[in-house]
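In: Sequence below, structure please.
(chains A, B, C and D)
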Number of protein chains: 2
Amino acid sequence: MARPTIEDVARIAGVSIATVSRCLHLPDLVAAKTRDRVLEAVRQTGYTLNTAAQSLRQRRSNTVLVVVPDIGNTFFSEVLGGIEQAASAAGLTMLIGNTGRNRACEDSYVRYLLNGRADGALLLAEPLAAWFDVPTANDLGIKPIVTISEVGPDHPTVAVSIDNAAASQAAVGHLIAQGHRRIAHLTGPASNILTGQRLTGYRRALAGAGLDYTLELQGDFGVASGRAAFALYRAQAMRPTAIFCANDETAMGFIAAAHHGGVRVPQDISVVGFDDIHFAQSFIPALTTIRQPRAEMGAAAMRLLLAIIAGEAPASVRLPFALMLRDSTAAV
Amino acid sequence: MARPTIEDVARIAGVSIATVSRCLHLPDLVAAKTRDRVLEAVRQTGYTLNTAAQSLRQRRSNTVLVVVPDIGNTFFSEVLGGIEQAASAAGLTMLIGNTGRNRACEDSYVRYLLNGRADGALLLAEPLAAWFDVPTANDLGIKPIVTISEVGPDHPTVAVSIDNAAASQAAVGHLIAQGHRRIAHLTGPASNILTGQRLTGYRRALAGAGLDYTLELQGDFGVASGRAAFALYRAQAMRPTAIFCANDETAMGFIAAAHHGGVRVPQDISVVGFDDIHFAQSFIPALTTIRQPRAEMGAAAMRLLLAIIAGEAPASVRLPFALMLRDSTAAV
DNA sequence: TTGTATGCGTTATCAG
DNA sequence: CTGATAACGCATACAA
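Out: Now for the predicted structure:
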């Protein structure tokens, strides 16, 4: 037999469908006695609201779209956890769009906002132009968008992030305080907005301490690029005594390669990561790194989105980072 | 201005809404000339289908619900990646339900199937009873469900998994082949169906080799329980020379604790994990472990679901595992 | 406090 | 090949 509709419930309870609807949404407006009858009928039939019909009628989906570059990435997945919690607390459903960092794929998710599947979007990546393009923009402008983490200074949306340059500066500053004078930086991919920000922090720290030595190796946030960087480090005539990596994965790749190459961390070289992913503290040596409050970033972004939906005009949020001192760094 | 509807497009193209709809779904049924006019109007207006209306009318959402215990967990998130790919290839949207291993929370997602939000579900955990309860069951019975990984022998749904007992047996068998005679097992949580399966494999391997020594430590798949297990290992009068951990995380926790305790891996004790998560090979020492084809498991499950939706009655799928020999194990 | 009636944007049926 | 029209299930303005 088919799914029960509001009409079935109404018939069994001996009321109109309007009353049933009210019982579910504005229970105070209906007499206690009637309400009991209706709710009993609901239980009896196992009735559940048809969300498609509701969305159509209300012109809103109670769903939030989350666009993520790589859902398998531990950094993103923990942010997702925070979003999920805040979303379900607000009665919203989370729809995930995995782009695989593919432009066309990301573009396709823009339509989710347009076709009413979602009431707003959370972007875990620097939004591509499509999100603000014509003819998209004029209609999409009213759909709230919040960006997380990967955000530039003149960013077109409300955003939540940490101060990446300051965090990097703190990380490198710690190495300097430990007496390191030759400090390298393993960057992220050139295409990522964070790469420049973290690089800036690195340079600032060096400049602040009046250090000349500089070694900037190009990475891509992947473990393999960390390994590759180790080879380059090895090839240097004047080797650095410390390296600041743009994220934990590359740091781990670097350390793993070092281990196999007979180079000890931190005795021979200190290594600092970025993100404080789940495994950073179980790693051997436990990774000194910058902690980003991932779940909190997700939750904060969700709250911003809700505020925008509610008609407010909240400002972007800067969350605090923390330098986690562990075993991959040592005084020189 | 409001979102353009099919009516706007029809008016501009000078046709009926029926024709517009046909152009979008059955383009062959409409004259090329008319079609061009319509598509031009679509472009011009930036029209996109209202999915709520479509779902309502078609009584299907083109959405698949994925229920996951912990989205931040790297194991699950990689399975999600596989699902996402297969889903979007089939034109389906992936809706994620994160339960936090909370029964009430999981129950609430059952309704997604009932209220039409999703056409089917993929469960990344042993389904709790609610999925098959009355009055849920009678209606839900027609909604396809596929379970991934955590599946018992007399499981009520179609499932995709590896043979956990056989994999465990292979892992322990390798330790035995390396000459180990005292082999411990760090289990998963008692509540998880996989725990018993992996334990069975461990016991079988020991029995098969006629070994008496047995040490079964209770873990919970978390890093901390790996650390705790190390303390217990330490306290043994007759210490094992190898330990088979029910997953990689606990193995890493164990090794990290061992490292800090001055116990060397694999020189003093060999450690085997399970899952081959992303970081297993970057870990120091690189972790010997059982590889589960996570993305493939997700994709396979998605395909099974599609088959069921298409009216077929596919059988459960057993995917192959692989023993990855790396640096955390050595001959005794 | 409750009921009636309308429309949300599609798709599908049936004529033309 | 195309058009008119009736649902799909619900929420809400308006009446009673």
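
In: near DNA strand D, which residues of the stretch 1-150 of chain A?
Out: Contact residues, the stretch 1-150 of chain A versus DNA strand D (Cβ under 7 Å from any atom of the strand): A:2-3, A:5-7, A:17-18, A:21-22, A:24-25, A:47, A:49-50, A:53-54, A:56-58. To be clear about C-beta, it is placed using only N, CA and C from the backbone, and glycine gets the same treatment.

In: near DNA strand C too, which of those residues?
Out: Contacts with DNA strand C within those, counted by Cβ under 7 Å from any atom of the strand: A:Ile17, A:Ala18, A:Arg22, A:Ala53, A:Leu56, A:Arg57.

In: can you narrow the residues you listed to ones near chain B?
Out: A:Ala53, A:Leu56 (Cβ under 8 Å from any Cβ of the partner chain).

In: Max pairwise distance over the ones next to DNA strand C among the residues of the stretch 1-150 of chain A next to DNA strand D: which two?
Out: The span of those, defined through Cβ to Cβ, is set by A:Arg22 and A:Leu56 at 19.1 Å.

In: mind listing what's buried in stretch A:151-159?
Out: Across stretch A:151-159, burial judged by 16 or more other Cβ atoms under 10 Å in any protein chain shown covers A:Val151, A:Thr157, A:Val158, A:Ala159.

In: mind putting the ones next to DNA strand C among the residues of the stretch 1-150 of chain A next to DNA strand D in JSON lines, pLDDT and secondary structure included?
Out: Shown next, in JSON lines, are these (pLDDT from 0 to 100; DSSP: H, G, I helix; E, B strand; the rest coil):
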{"residue": "A:Ile17", "pLDDT": "96", "secondary structure": "helix"}
{"residue": "A:Ala18", "pLDDT": "95", "secondary structure": "helix"}
{"residue": "A:Arg22", "pLDDT": "96", "secondary structure": "helix"}
{"residue": "A:Ala53", "pLDDT": "97", "secondary structure": "helix"}
{"residue": "A:Leu56", "pLDDT": "96", "secondary structure": "helix"}
{"residue": "A:Arg57", "pLDDT": "96", "secondary structure": "helix"}
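
In: Can you verify my assumption that A:Ala90 contacts A:Ala307?
Out: No - counting by Cβ atoms under 8 Å, A:Ala307 is not a contact partner of A:Ala90; they are 10.8 Å apart.

In: what about whatever residue of the stretch 51-200 of chain A ends up closest to DNA strand C, neighbour count?
Out: Closest residue of the stretch 51-200 of chain A to DNA strand C, Cβ to the nearest atom of the strand: A:Arg57 (3.7 Å). Counted by other Cβ atoms under 10 Å in any protein chain shown, the residues lying close to A:Arg57 total 12.

In: Break chain A down into its domains, please.
Out: With domains defined by automatic domain parsing, chain A comprises A:1-45, A:61-161+A:294-319, A:164-291.

In: Can you flag the weakest of those domains by average pLDDT?
Out: Comparing mean pLDDT across those, the weakest is domain A:61-161+A:294-319, with a mean of 85.

In: what about the strands in the stretch 201-332 of chain A?
Out: Assigned by DSSP state E, counting those that start in this stretch, the strands in the stretch 201-332 of chain A fall at A:215-217, A:242-245, A:270-272, A:289-291, A:317-318, A:322-324.

In: Just say which of these is most tucked in.
Out: strand A:242-245 (a mean of 30; mean count of other Cβ atoms under 10 Å in any protein chain shown).

In: Show me what it is packed up against.
Out: helix A:164-177, strand A:183-186, helix A:223-235, helix A:248-260, strand A:270-272 (3 or more Cβ pairs under 8 Å, 6 or more residues apart in numbering or on different chains; DSSP states H and E).

In: Serialize the ones you listed to a markdown table and add fields for distance to A:Leu211.
Out: Compiled in a markdown table, those are given as follows (distance: least, Cβ to Cβ, whole Å):
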| stretch | distance to A:Leu211 |
| --- | --- |
| helix A:164-177 | 7 |
| strand A:183-186 | 7 |
| helix A:223-235 | 17 |
| helix A:248-260 | 21 |
| strand A:270-272 | 15 |
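
In: can you tell which of those is closest to A:Gly81?
Out: Using Cβ to Cβ, those put helix A:248-260 closest to A:Gly81, at 17.4 Å.

In: For that closest one, list every residue counted as buried.
Out: For helix A:248-260, a neighbour-count test (16+ other Cβ under 10 Å) marks A:Asp248, A:Glu249, A:Thr250, A:Ala251, A:Met252, A:Gly253, A:Phe254, A:Ile255, A:Ala256, A:Ala257, A:Ala258, A:His259 as buried.

In: Just give the closest residue to the fifth one, not the sequence neighbours.
Out: What it means is A:Met252. B:Ser282 (4.7 Å; Cβ to Cβ, 6 or more residues apart in numbering or on different chains).

In: so the one you found touches A:Phe254, yeah?
Out: No - using Cβ under 8 Å, B:Ser282 is not in contact with A:Phe254, being 9.7 Å away.

In: how far away is the nearest residue to A:Val271 once chain neighbours are set aside from A:Ala235?
Out: Sequence neighbours aside, A:Ser328 is the residue nearest to A:Val271 in space, at 4.5 Å (criterion: Cβ to Cβ, 6+ apart). Distance from A:Ser328 to A:Ala235, counting by Cβ to Cβ, to the nearest Å: 22 Å.

In: Equivalent analysis for A:Asn73, please.
Out: From A:Asn73 to A:Ala235 the distance is 30 Å (Cβ to Cβ).
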